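Trainee: Just a sequence and a predicted model for now, questions to come.
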Amino acid sequence: MTALLKVLEVATEGIHVVDEHGVTVVYNKAASEFDGLLPEEVLGKHILEVFPSLSHDSSTLLRVLKTGVPEIAKQQTFTNYKGKTITTINSTYPITDGDTIIGACEISTDITRIKEMAERIADLSQELRSKEHAEKPGVTRAKSKISRKFFTVDDIVGQSAVMRDVKRQVVQVARTQSNVLVWGETGTGKELVVQAIHSASDRADAPFVAQNCAALPEGLLEGLVFGTSKGGFTGAQDRPGLLELASGGTLYLDEIDSMPLGLQAKLLRVIQDKRVRRIGDVRERPVDVRIIGSTSMPPRQAVEQGLLRPDLYFRLAVVEIGLPPLRKRQEDIPLLVSHFLRKHGRGKTISVSPEVMSAFLTYDWPGNVRELEHAIEGSLAFLKGDTIEPAHIPPTVRGITATTGLNKGSIRSLLKNHEKTAIEEALRQGGSVSQAARILGIPRQTLQYRMKIHGIKSPRSRDKG
Ligand SMILES: Nc1ncnc2c1ncn2[C@@H]1O[C@H](COP(=O)(O)OP(=O)(O)OP(=O)(O)O)[C@@H](O)[C@H]1O
Ligand SMILES: [Mg+2]
């Protein structure tokens, strides 16, 4: 492959070039992904042979070939050969040699996600308008997840006693208006459970808004959750917060123990008074929202460590749903495996070999159900036949015992101790979490999360306490 062709392969834009006859000469990876076709199904063939629904007039490439006039930034929404709906922005240019047109080139950019986001914002503003809110939604809101297709209780897979109990709790609490606290390690299905509660409740048609409290600095989080008002601070705009946006529905505050304690107090007042005051506003506005919080450590532990206010804890934990790590409910693994094989198998019947199942049952899944799902999804990508063998699954899952002589447990605790020492050293050197994160070269949120796992307090809260 020439250097130029290699560049075309890694480009995120789809590139499709035809010669003067309309026969494809270049068709890069991105283009093939958009169309859902393999390059060999397109290369060397005439456009109309590959896309029979097009004609000489409707195909942009053939049109530009004929007219020599470029067609710039045309938006196109189509269902590709794999049944996926995609929106692209296409520009098509003639390729000329002197006065002769010797080909045409189409460059397309996938804007499916941008379009979805824009539509969500539009939907939301529609919803707000219909509720007689005058404000326009702000840009920051796009960062929160506001989606319409939610998991339901039937999506929660598991037959262990504890998961059956979780499903029962979900159904019961959905009928009430109680606030809820869900906790469990990463990937145990917290968001799945939260969405299932929302969709089984009488709030299902109202908004579901999710926000991760660890993802934003304090100032932004406050404005986002409670809203802002002109005059609140320089440059502030009149904007409803997530509490207002979720009104009538459910607000999911993920990693609520990362929310600064001052904001937790403010949130508690909103829960008690059912009214919210935007930052800088004099007016209080009524809100009717079910708040579901989640933590990755047992909530009582978060209270003990001073990360979660006890009064907020008691308000939220009217119902407390704990999701055990996958290693503590191995009887769910075979069921989850078949579920994910079906979900990601594209209609093919695929099974796992006994060796793989036994590796799945022995591995301790620090990333829990998400890690299992990724292991299966990843192995399907390489699979030629219809059985997943040990070679297809990630080496860590397969087990590293044989090659190192150390057992898995001892490696993990070695790494864990090493990580703890490194974090403590970086905190000592840096003096603050942000500095320590810089020293370690990881995002601040990641560091905070790792600190929580190791029970390390931030230097700031030590000063306070
Ligand atoms: N019991 C389950 N049945 C089916 N799918 C599950 C189950 N638990 C988790 N999953 C799947 O695993 C993935 C991770 O779940 P989810 O996002 O709910 O985890 P989480 O606890 O919110 O994780 P994190 O703390 O990292 O945000 C999702 O794709 C979800 O559908
Ligand atoms: Mg989550």
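Mentor: Alright, I've got the coordinates. Ligands and ions are numbered 1, 2, ... in the order given.

Trainee: List phi and psi for residue 250.
Mentor: When read as degrees, to the nearest 10, the backbone of residue 250 gives phi -130, psi 130.

Trainee: from here on, count from 5
Mentor: Sounds good: first residue 5 from here, last item residue 254.

Trainee: Excluding chain neighbours, what is closest to it?
Mentor: residue 202 (4.3 Å; C-beta to C-beta, 6 or more residues apart in numbering). Placement of C-beta: from N, CA and C, glycine included.

Trainee: distance between the ends of stretch 297-312?
Mentor: Criterion C-alpha to C-alpha, to the nearest Å; first-to-last residue distance in stretch 297-312 is 11 Å.

Trainee: got a list of contacts for that stretch?
Mentor: Residues from elsewhere that reach stretch 297-312 (C-beta atoms under 8 Å, 6 or more residues apart in numbering): 183-190, 194-195, 198, 256-262, 265, 268, 313-314, 317, 320-321, 324, 326, 453, 456-457, 459, 461, 465, 469.

Trainee: of those, buried ones?
Mentor: 183-189, 194-195, 198, 256-262, 268, 313, 317, 320-321, 453, 456-457 (16 or more other C-beta atoms under 10 Å).

Trainee: Indicate whether stretch 187-196 makes contact with ligand 1.
Mentor: Yes - for stretch 187-196, a contact with ligand 1 is found by C-beta under 6 Å from any ligand atom, at 188, 190-196.

Trainee: Quote the end-to-end distance of stretch 192-210.
Mentor: Across stretch 192-210, first to last residue, C-alpha to C-alpha, it's 26 Å.

Trainee: Show me which residues of it are buried.
Mentor: 192-205, 207, 210.

Trainee: Repeat that for stretch 436-448.
Mentor: Neighbour-count burial for stretch 436-448 [16+ other C-beta under 10 Å]: 437, 440-441, 443-444, 448.

Trainee: Give me the distance from that stretch to the chain's centre.
Mentor: 23 Å (C-alpha atoms, centre = their mean, to the nearest Å).

Trainee: who's in contact with that stretch?
Mentor: With C-beta under 8 Å, 6+ apart, stretch 436-448 has contacts from 426-427, 430-431, 433-434, 450-452, 454-455, 462-464.

Trainee: tell me the mean pLDDT over it?
Mentor: Mean pLDDT, computed over stretch 436-448, is 84.

Trainee: got it, and stretch 179-194?
Mentor: Taken as a whole, stretch 179-194 has a mean pLDDT of 96.

Trainee: try stretch 245-254
Mentor: 92.

Trainee: likewise stretch 387-397?
Mentor: For stretch 387-397, the per-residue pLDDT averages 89.

Trainee: Over to stretch 288-298?
Mentor: Stretch 288-298 comes out at a mean pLDDT of 96.

Trainee: buried stuff in it?
Mentor: For stretch 288-298, by 16+ other C-beta under 10 Å, it's 289, 291, 293-298.

Trainee: Check which helices and strands the longest strand along the chain sits against.
Mentor: When the chain is parsed with DSSP state E, its longest strand is strand 89-101. Packing partners of strand 89-101 (3 or more C-beta pairs under 8 Å, 6 or more residues apart in numbering; DSSP states H and E): helix 64-71, strand 75-83, strand 104-114, helix 116-134.

Trainee: filter the contacts of stretch 436-448 to the buried ones?
Mentor: Using 16+ other C-beta under 10 Å, the buried ones in those are 427, 430-431, 434, 451-452, 454-455, 462.

Trainee: Considering those, which member attains the minimum pLDDT?
Mentor: pLDDT is lowest at residue 462 among these; the value there is 80.

Trainee: Does that one touch residue 454 like I think?
Mentor: No - with contact defined as C-beta atoms under 8 Å, residue 462 does not count as touching residue 454 (11.8 Å).

Trainee: quick one: low-confidence parts of this structure?
Mentor: Within the chain, the stretches with pLDDT under 70 are 5-6, 119-153, 220, 223, 235-241, 404-418, 464-469.

Trainee: who does the strand or helix carrying residue 29 pair up with?
Mentor: Element membership of residue 29 [criterion: DSSP states H and E] is strand 28-31. Here strand 28-31 has these sheet partners by DSSP bridges: strand 18-23 (antiparallel).

Trainee: Residues touching the partner strand, excluding its own?
Mentor: Residues contacting strand 18-23 (C-beta under 8 Å, 6+ apart): 12, 28-32, 34-39, 46, 51, 65-66, 69, 92, 99, 106-114.

Trainee: Residues of the stretch 305-454 of the chain that sit close to ligand 1?
Mentor: So the stretch 305-454 of the chain meets ligand 1 at 343, 373-374, 377 (C-beta under 6 Å from any ligand atom).

Trainee: Of those, which pair is most distant in space?
Mentor: The span of these, defined through C-beta to C-beta, is set by 343 and 374 at 13.2 Å.

Trainee: Ramachandran angles for the one residue in the chain that gets nearest to ligand 1?
Mentor: Nearest to ligand 1, among the residues of the chain, is residue 193, at 2.7 Å (C-beta to the nearest ligand atom). Backbone torsions of residue 193, given as degrees, to the nearest 10, read phi 110, psi 30.

Trainee: now swap in residue 257 and tell me
Mentor: phi -100, psi 100.

Trainee: Now it. Nearest residue, chain neighbours left out?
Mentor: residue 297 (4.8 Å).

Trainee: Confirm that neighbour sits in a helix?
Mentor: No - under DSSP: H, G, I helix; E, B strand; the rest coil, residue 297 falls outside any helix and is assigned strand.

Trainee: In contact with residue 106, which residues are there?
Mentor: Counted by C-beta under 8 Å, 6+ apart, residue 106 has contacts 23-24, 99-100.

Trainee: any chance of those residues in TSV, with distance to residue 178 and neighbour count too?
Mentor: Output for these, formatted as TSV (distance: C-beta to C-beta, whole Å; neighbours: other C-beta atoms under 10 Å):
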residue	distance to residue 178	neighbour count
23	60	15
24	63	13
99	60	17
100	64	12
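
Trainee: ok, and which of those reach ligand 1?
Mentor: Counting by C-beta under 6 Å from any ligand atom, no member of the contacts of residue 106 reaches ligand 1.

Trainee: can you tell me which two in these are farthest apart?
Mentor: Longest span within the contacts of residue 106, C-beta to C-beta: 23 and 100, 12.8 Å.

Trainee: Residue 281 against residue 273, yeah?
Mentor: No - using C-beta under 8 Å, residue 281 makes no contact with residue 273, being 9.0 Å away.

Trainee: Neighbour count: these two, which is higher?
Mentor: residue 281 (18 against 12; other C-beta atoms under 10 Å).

Trainee: Now for that one: which residues touch it?
Mentor: Residues in contact with residue 281, defined by C-beta under 8 Å, 6+ apart, are 230, 287-289.

Trainee: At which residues are the helices of the stretch 205-354 of the chain located?
Mentor: According to DSSP state H, counting those that start in this stretch, the stretch 205-354 of the chain carries its helices in the segments 222-230, 246-249, 265-277, 303-308, 314-320, 337-348.

Trainee: Of all those helices, which one is nearest residue 171?
Mentor: helix 337-348 (12.9 Å).

Trainee: re earlier: filter the buried residues of stretch 436-448 down to just the ones in helices.
Mentor: 437, 440-441, 443-444, 448 (DSSP state H).
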